[in-house]
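Colleague: Build the 3D model from these lines:
(chains A and B)
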Amino acid sequence: MLRVAVQKRRGSFELDARFEMPTPGVVALFGRSGCGKSTLVEIIAGLLEADSGLVQLDDEVLLDTRRRLDVPPERRRIGYVFQDARLFPHLNVESNLRYAQKRAVGASFVSFESTIDLLGLAPLLARRTHQLSGGERQRVAIARALLTQPRLLLLDEPLASLDAAKSAELLPYLESLRDRLAIPMVYVSHDFEEVLRLATHIVLIERGLVVAQGGIGEMNLRQELRAIIGADAVGAIVDGQVLGIDAAGLTRVRVGFGELRLRAPGAAIGATLRIQILARDVIVASQAPQNLSVRNVLEATVGAVTDDDDEADLISLDIGATPILARITKAATRELSLRPGMPAWALIKAVSLRGRSFTSPAFPDA
Amino acid sequence: MNWLSPGESEALQLSLIVATRGVLAALPFAVLLAWMLSRHRFVGSIVLDALVHLPLVLPPVVTGYLLLLTFGTRGAIGGWLDRTLDIRLIFTRNGAALATAVMTFPFMVRAMRLSLENVDRGLEDAARTLGAGPLDRFATVTLPLMLPGILAGVITAFSAGLGEFGAVITFVSNIPGETRTLPLALYTALQSPGGDAAAARLAGMSLTLGVCGLVLAEWLGRRTRRMLGR
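Modeller: Residues are numbered from 1 along each chain as shown, chains lettered A, B, ... in the order given. Model (predicted):
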């Protein structure tokens, strides 16, 4: 368990953040630029002094201002991947990595060789750091942080300085980090796509305050998140098990009581697939539909009906797993007279679904 | 070097020895002061800064005179050194080295401070998160990154030290074979009848050494900067 409750004033800006996350797991600190995410990770790392507060990792207290306890960053055993990589320019790639390895203390869970393998660094070892591309620099920085054998890894927008192609290249490395090493991570981002791919938990920060926090499935239903990502990106995140491939080549995935079909090439049978179902892509029927081109029809029970904006309602549909959301016009709500508790059918086009493999480490769903 | 008279080559050797000793003795203090002045705000830092730069604005004779007062055999430090350690600085080449060190100290501190201010503090933070304590960080990150400044400072100080005149002659006098360095030999030659040719040779030598020093400083500076990927 990582527990953070800190206060910090910087000029007119005030950070007052509290959150908890189970370990291992990946918590995303999500919010607009300048909301205090980076300040918060600097305090967790110990690089920035908090005015008051507590930082506790499992049973070790790293900061407790009331007890005047403040473990210096060099002894916190927290890995930090900076937005700008911060590789040592006077050392080559291998020496940068050895620098961390030599100073590692405590039980080691990654070896030099496995880290190089995990991040694909073998061809880069002899290079000078200024000869690396942005993506390569970040991979080296991640490997360097890992080689200190950290108990927690902080990643401060590691993709922010990269263009779209480069960050798409780096994301799979981060995913394998999450899946192959059970190391807790705090991932700072203002990009919801990244968060969807990597996080198990979201801490939503706005103007220095934590406005919402929770598991990624439940967080998708929160209004606070919608305010940041916009109505079009609102949707549910459901994790399902791959059952097989149907005759048409679509992957069959068990989700709650029902089954979804979508295109997910390469997904292995039995694997966990994280599927984003956007609220605007979901059609609601009050009777069992027939003769439709839609591949995916899920039986559901209407949960909450909430006001989304002037035109539309957000209908929460219980499908036996994480609820999914449908954004429909107010007129439609009236015509179907949708009310909590009544049966309904959710219709989703297979082409609108995207599944991503997600093998999350064992963690309790908070 | 048979185109130089024995006295002249002696002066050249002496200049090299004095400048080398002066620079080596001043180096650790210069690094420490550069670090203190650029990284810490403390009470008296302005006074310390002024003190370091004082030799730049003071007439060298005054610096030599002040050295005489403090490091002479009856001075506070000089007397103590003489009594307890049997070290005498006045009228010796080590005394000349001290005068050179004091005079060239501002060059070293300046160059080092400048390069230290260019060292990205973020890299030191990165070293911290990798488990490096304060001394470790300084030795493995800060020092290598300020290397261009250290080299530039050392070479400039050395080149300037070869020709230090006023403070040296005031503090340790003009003793052939002990404190008569290049500029002092040049001065002596100018004072003696028929010394024009010797003076010209010594001046030419000083000029050559000075130019070599500046070129070397620039070349090394570029090389180390390239090494650091800047």
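Colleague: Count the neighbours of A:Ala304 for me.
Modeller: Look at A:Ala304: counted by other Cβ atoms under 10 Å in any protein chain shown, it has 14 neighbours. The way it works is simple: take the backbone N, C-alpha and C, and place the C-beta from them, glycine included.
Colleague: what do you get for the one 4 residues further on?
Modeller: As a burial measure, A:Asp308 scores 20 neighbours (other Cβ under 10 Å).
Colleague: Determine whether any part of the helix or strand encompassing B:Ala111 lies close to chain A.
Modeller: If you go by DSSP states H and E, B:Ala111 is part of helix B:93-117. No: on the criterion Cβ under 8 Å from any Cβ of the partner chain, helix B:93-117 is out of touch with chain A, staying 12.6 Å away.
Colleague: Toward the C-terminus, what is the element adjacent to the one helix or strand A:Ser95 maps to?
Modeller: Using DSSP H and E, A:Ser95 falls within helix A:93-102. Next helix or strand after helix A:93-102 toward the C-terminus (DSSP H and E): helix A:112-119.
Colleague: so for that next one, what's the average pLDDT?
Modeller: Mean pLDDT, helix A:112-119: 91.
Colleague: CA atoms only: put the helix or strand that comes right after that helix into PDB for me.
Modeller: Sequence order places helix A:134-146 as the next helix or strand after helix A:112-119, per DSSP H and E. Taking C-alpha atoms only, helix A:134-146 is exported to PDB below (Å, rounded to 0.1, in the frame of the first residue of the first chain):
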ATOM      1  CA  GLY A 134      14.100  10.600 -27.500                       C
ATOM      2  CA  GLY A 135      12.500   7.200 -27.200                       C
ATOM      3  CA  GLU A 136      15.800   5.500 -26.700                       C
ATOM      4  CA  ARG A 137      16.800   8.000 -24.000                       C
ATOM      5  CA  GLN A 138      13.600   7.200 -22.100                       C
ATOM      6  CA  ARG A 139      14.200   3.500 -22.300                       C
ATOM      7  CA  VAL A 140      17.700   3.900 -20.900                       C
ATOM      8  CA  ALA A 141      16.300   6.100 -18.200                       C
ATOM      9  CA  ILE A 142      13.700   3.500 -17.300                       C
ATOM     10  CA  ALA A 143      16.300   0.800 -17.200                       C
ATOM     11  CA  ARG A 144      18.500   2.900 -15.000                       C
ATOM     12  CA  ALA A 145      15.700   3.500 -12.500                       C
ATOM     13  CA  LEU A 146      14.900  -0.200 -12.500                       C
END
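Colleague: just checking, what packs against helix A:134-146?
Modeller: strand A:78-81, helix A:93-102, helix A:112-119, strand A:152-156, helix A:164-180 (3 or more Cβ pairs under 8 Å, 6 or more residues apart in numbering or on different chains; DSSP states H and E).
Colleague: picking that back up, show me which positions of the helix holding A:Ser95 end up buried.
Modeller: A:Val93, A:Glu94, A:Asn96, A:Leu97, A:Arg98, A:Tyr99, A:Ala100, A:Gln101 (16 or more other Cβ atoms under 10 Å in any protein chain shown).
Colleague: nearest to chain B, of those?
Modeller: If you rank these by distance to chain B using Cβ to the nearest Cβ, A:Ala100 comes first, at 4.7 Å.
Colleague: Pretty sure that closest one sits against A:Leu147.
Modeller: Yes: using Cβ atoms under 8 Å, A:Ala100 is in contact with A:Leu147, at 4.1 Å.
Colleague: what residues are shared contacts of these two?
Modeller: Common contact partners of A:Ala100 and A:Leu147 (Cβ atoms under 8 Å, 6 or more residues apart in numbering or on different chains): none.
Colleague: Tell me how many other residues crowd residue 75.
Modeller: You didn't pick a chain, so chain A it is. Around A:Arg75 there are 13 residues (other Cβ under 10 Å).
Colleague: ah, I was thinking of chain B
Modeller: 18.
Colleague: distance of the closest residue to it other than its chain neighbours from chain A?
Modeller: Leaving aside its sequence neighbours, B:Gly75 sits nearest to B:Leu69 (Cβ to Cβ, 6 or more residues apart in numbering or on different chains; 5.4 Å). Going from B:Leu69 to chain A by Cβ to the nearest Cβ, to the nearest Å gives 44 Å.
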